[in-house]
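Enquirer: Give me a model of this one.
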Amino acid sequence: MPTTAPNRPLRLLLALLATVPVAASAQTLEGRRLCECYVTDLSDDGRAATGQLAGSNQTFRWTEEGGVQPLGRGTYRKLQRGSGTPAISGDGQIVASTIIDETQSHGTQGRWTPATGWQQLMPPRPADGAVVDAEDGSVFGMSRDGRVVTGLYWRNTGVGGLAHASRWTEGGVVEDLGSSGGSSRIDDANADGSVLVGWDEHPQYGNRRAAVWVNGVKTVLDESDWPSEAGAVNARGNIIVGQAVDPKRGIESAVMWTWNGRKWAKTVLGVLEGTKQGGMAYASGLSDDGQTVVGLARRFFSPANKGFIWTAATGMVEAEKYFADRGYPVGGKLAVESINAISGDGQVMGVVGTDLASGKVHSVAVRALPAAN
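Expert: Below you'll find the model as predicted:
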């Protein structure tokens, strides 16, 4: 999921419920409106989602059965700011997000369940924790079992980085997972929270470097003075996707790291056809088998993002073309800008775009139907 997505200008959201077909002729799609919102994460089966509501930027939970449920404790009404990316558990029951604290004075980390509502995860803060720019911490991810919440916390010193990667474990407190001398952050977690992914700043150059924490032990995935990030990990914790430089082209590209039993092997997934210098691609989600990867891309230095879908068979394809080839010509109505998430089973995608007719924010569920006989 792109880490700054909740703070971007509001866009149209699609939750695309679509099984990848064997042939384009085998697919029929239908859609229905969900809400004016920005989805950032999906449950394992895609029947539940979370994100932020348009306008208020309040965290919500959506389910097929119950529709949209605003969860409250948004930061924008009081603070006019916020950060982080809401996350949902694999069963769709638990949501983690940055929320306003009980005193209504600053943003902090929170975890929501249907039974208890919001649980504020700090205080206690780590020993060097502090409120900085109206936040003491932000949520960027959660394990599939809902027992580990990840992100960053803010520190009371400029030495060693202003923000450090953090991990909260059910029954425990927010922990500092350290850095290499600068700032760091954890963006996603695998099923049980044993594998965490994000970034760690280069101690000399200051650029973000993709990193993975396995049972609390950090490994830098891309040791370079080029920026890189690890944005998502599968349930097993052996496949990671994100962004790093393609050394052959010198372009920031979507990448995959796979654990081969000895090390994390990097595979460059690439960029959209026609990408020039200044363009890029960022992988924000993957199916648990690693066969489908989604994200956003630009062909040149411009804010005109395009959603993409990558498979081993197709390579990287612009989302609008991918959908049209499979019987859903979405490009005539929507400018698809990114795909932020994909369900664990690979059948549901969270797609973001702009309505070409009205420019208004709204969401649509598009479901794959059985082929007609």
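Enquirer: the helices in the chain, which residues?
Expert: 76-79, 319-325 (DSSP state H).
Enquirer: and among the ones you listed, the most buried is which?
Expert: Burial among the helices of the chain, expressed as mean neighbours by mean count of other C-beta atoms under 10 Å, is greatest for helix 319-325, which shows a mean of 21. Heads up, the C-betas are built off the backbone N, CA and C, glycines and all.
Enquirer: circling back to that earlier point, can you redo the helices of the chain as TSV with mean pLDDT and distance to Gly231?
Expert: Converted to TSV, those look like this (pLDDT from 0 to 100; distance: least, C-beta to C-beta, whole Å):
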stretch	mean pLDDT	distance to Gly231
helix 76-79	89	24
helix 319-325	86	17
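Enquirer: May I see the ones you listed arranged in a markdown table, with distance to Arg262 as well?
Expert: Written out in a markdown table, the entries for the helices of the chain read as follows (distance: least, C-beta to C-beta, whole Å):
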| stretch | distance to Arg262 |
| --- | --- |
| helix 76-79 | 46 |
| helix 319-325 | 34 |
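Enquirer: Okay, now the unreliable bits of this structure?
Expert: Low-confidence regions of the chain, defined by pLDDT under 70, span residues 1-34, 360-373.
Enquirer: Kindly recompute the last result at 50.
Expert: Applying pLDDT under 50 to the chain flags the ranges 1-13, 16-27, 30-31, 365-373.
Enquirer: Return the distance of stretch 46-55 from the chain's centre.
Expert: Taking the mean C-alpha point of stretch 46-55 and that of its whole chain, the gap between them comes to 12 Å (C-alpha atoms, centre = their mean, to the nearest Å).
Enquirer: Repeat that for stretch 77-86.
Expert: From the chain centre to the centre of stretch 77-86 is a distance of 16 Å (C-alpha atoms, centre = their mean).
Enquirer: before we move on, what about stretch 128-148?
Expert: Stretch 128-148 has its average C-alpha position 15 Å from the chain's average C-alpha position, going by C-alpha atoms, centre = their mean.
Enquirer: Could you give the bridge partners of the closest residue to Ala127 other than its chain neighbours?
Expert: Excluding its sequence neighbours, the residue lying closest to Ala127 (C-beta to C-beta, 6 or more residues apart in numbering) is Asp176, at 7.9 Å. The partner list for Asp176 in beta bridges (DSSP bridges) reads Ser166.
Enquirer: if I look at Asp176, how far off is Gly237?
Expert: From Asp176 across to Gly237, the span is 21 Å (C-beta to C-beta, to the nearest Å).
Enquirer: and if you look at Ala281?
Expert: For Ala281, the distance to Gly237 equals 23 Å [C-beta to C-beta].
Enquirer: What is the neighbour count of Asp91?
Expert: Applying other C-beta atoms under 10 Å, we find 14 residues neighbouring Asp91.
Enquirer: likewise Pro329?
Expert: Burial of Pro329, expressed as a neighbour count using other C-beta under 10 Å, amounts to 13.
Enquirer: pretty sure it is touching Val336, no?
Expert: No. Using C-beta atoms under 8 Å, Pro329 and Val336 do not qualify as a contacting pair, with a distance of 11.6 Å.
Enquirer: what sits in contact with each of those two?
Expert: Common contacts of Pro329 and Val336 (C-beta atoms under 8 Å, 6 or more residues apart in numbering): Phe323.
Enquirer: Thank you, goodbye.
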